[in-house]
Structures are given as structure tokens and as C-alpha cells.
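Peer 1: Sharing a model prediction with you, sequence too.
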Amino acid sequence: EAGVAQSPRYKIIEKRQSVAFWCNPISGHATLYWYQQILGQGPKLLIQFQNNGVVDDSQLPKDRFSAERLKGVDSTLKIQPAKLEDSAVYLCASSDSSYGTQYFGPGTRLLVL
Amino acid sequence: EDQVTQSPEALRLQEGESSSLNCSYTVSGLRGLFWYRQDPGKGPEFLFTLYSAGEEKEKERLKATLTKKESFLHITAPKPEDSATYLCAVQGGAGNTGKLIFGQGTTLQVKP
């Protein structure tokens, strides 16, 4: 069974630029999560989708971050404009239900200069 | 507020030297406690889920246990390939949508 796919794997941008990350969850998984992992810390939830609806975006900095999940499958996370403190690993995870085991992708490593 | 604290932050062991990692938590109605392994440059890899106090699960050299306030990950006779960061996370019940609250992790290094 194919795992969670993410792209790109690495991205370097200047502050104030925009960037987008893509995630393809495990086939059939209805729930999709985006986490932010800052170096030396555990992952922190940014947004959770159930099919193509948002369930929890309470910790998403909505002035600069946006996310969508069209057709309940793939998802895109965007940052516009980026700040230095956005340098982190962005992890996508999926599960077959809201309380099921979450399986993570390899992450996108973002460096903002 | 749900919270997870892991200790120690870093642990160095000799190959074959058994030890335990600690995960202390506070949560409103625990639905599940999860252990993940994370290798450098990779995403977290699922290891175990524990649901109630007294539960234990094993996988190769790893054994996870759960009490009402803590979970332990016991590593028996570790090998260098067990070197990784181990993450603990809780999933709360009341009002929780399924998100995981993670600790900061314990970085384990096993020397041959």
C-alpha cells in the first residue's frame, strides 16, 4: 500500500515570498492533517480536513497560511507571505477516520531566508 | 489544556544496554496515546497505540506501557539501528476532533 506522498521535499525561499506544498494521502483515507514541526520540537497541528471540509483550523495563522482539499483527496498548503519563523518541516498525515491511526508523509523542509 | 512532556531529551546507550523513555501527559479524557519513531529527514513512523491504563504492547525490542499519567517505552538490548527520535502523542476525548498533541521527543543514540 502506497504511503502519504508530499512534494516538494525541500524548498528555500526569501522572506515575503509565497510557497505551496502538496500532499496526496493514503488511498481511501477521509481525514487529512497538516502539521508544522520546528527543529527540536514535536509536530503541531495546523489544519485538519474531513473529506473536503475543515474540521479544525484553530492554530492556522490565517493571515498568511491557507489550505484546501479539493474533491476530498489531495491537499495544498500555502504560505503568503513567508516569514523567517516559518522555517520548519511541514508534515502531512492521513487516517481512515478522525480517531484512527495517523500515518505521516516524509515532510517538506522549508527554509526562509 | 492537553500537554505532553517527554524525558530525557537525549539518551545515549551502549549496544545491549536496556533503558526506558518517559512520556508524562495531562489530557481531558484520553482517547489514545501514540508512540512514533522519527529518523533524521523523515516523517514520524507509527509504532504503537495504547488506550487504557495497564495496557502493554510489544514490537521486537520495544515495549510500551501506560498508566493514568505516564507512558513508558522500554528498549531491551538496543541495537545501533534503534537510534532515532521517539515521539509520544495523546489524542483527547471531550471536544477533540482527533488531533494529536505531541511531546518534544527523546533522541536516542545507540553506540556499537
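Peer 2: Looks like it came in fine. On a predicted model such as this, the values are computed, not experimentally measured, just so you know. Numbering: from 1, shown residues only, chains lettered A, B, ... in the order given.

Peer 1: Could you use CA atoms for every contact and neighbour count after this?
Peer 2: OK.

Peer 1: what residues are up against residue 105?
Peer 2: In the absence of a named chain, chain A is used. Counting by C-alpha atoms under 8 Å, 6 or more residues apart in numbering or on different chains, A:Gly105 makes contact with A:3-6, A:91-93, B:42-44.

Peer 1: Sorry, I should have been clearer: chain B.
Peer 2: Neighbours of B:Gly105 in contact, by C-alpha under 8 Å, 6+ apart: A:40-42, B:6-7, B:9, B:85-88.

Peer 1: Which member of those residues is positioned nearest A:Ser75?
Peer 2: The nearest member of the contacts of B:Gly105 to A:Ser75, counting by C-alpha to C-alpha, is A:Gly42 at 22.0 Å.

Peer 1: Which of the helices or strands spans the closest residue to the closest one other than its chain neighbours?
Peer 2: Nearest residue to A:Gly42 in three dimensions, chain neighbours excluded: B:Gln104, at 4.4 Å (C-alpha to C-alpha, 6 or more residues apart in numbering or on different chains). According to DSSP states H and E, B:Gln104 maps onto no helix or strand at all.

Peer 1: So B:Gln104 sits against B:Gln6, correct?
Peer 2: Yes. B:Gln104 is within contact range of B:Gln6, at 6.4 Å (criterion: C-alpha atoms under 8 Å).

Peer 1: Parallel or antiparallel, list what pairs with the helix or strand bottoming out on mean pLDDT in chain A.
Peer 2: Among the helices and strands of chain A, strand A:53-56 carries the lowest confidence by mean pLDDT, DSSP states H and E, at a mean of 94. Sheet pairing of strand A:53-56 (DSSP bridges) gives strand A:44-50 (antiparallel).

Peer 1: how distant is the partner strand from the center of its chain?
Peer 2: 8 Å (C-alpha atoms, centre = their mean, to the nearest Å).

Peer 1: so for it, what's the average pLDDT?
Peer 2: In this model, strand A:44-50 has an average pLDDT of 96.

Peer 1: Equivalent analysis for stretch B:60-69, please.
Peer 2: The predicted model assigns stretch B:60-69 a mean pLDDT of 97.

Peer 1: What parts of chain A come near chain B?
Peer 2: Residues of chain A lying near chain B by C-alpha under 8 Å from any C-alpha of the partner chain: A:40-45, A:48, A:55-56, A:91, A:98-107.

Peer 1: Could you pick out the buried ones from those residues?
Peer 2: Buried by 16 or more other C-alpha atoms under 10 Å in any protein chain shown: A:42-45, A:48, A:55-56, A:91, A:98-99, A:101-107, out of the residues of chain A next to chain B.

Peer 1: and residue 24, how many neighbours?
Peer 2: No chain was given, so I picked chain A. For A:Asn24, the count of nearby residues is 20 (other C-alpha atoms under 10 Å in any protein chain shown).

Peer 1: that's the wrong chain, I meant chain B
Peer 2: B:Ser24 is flanked by 19 other residues according to other C-alpha under 10 Å.
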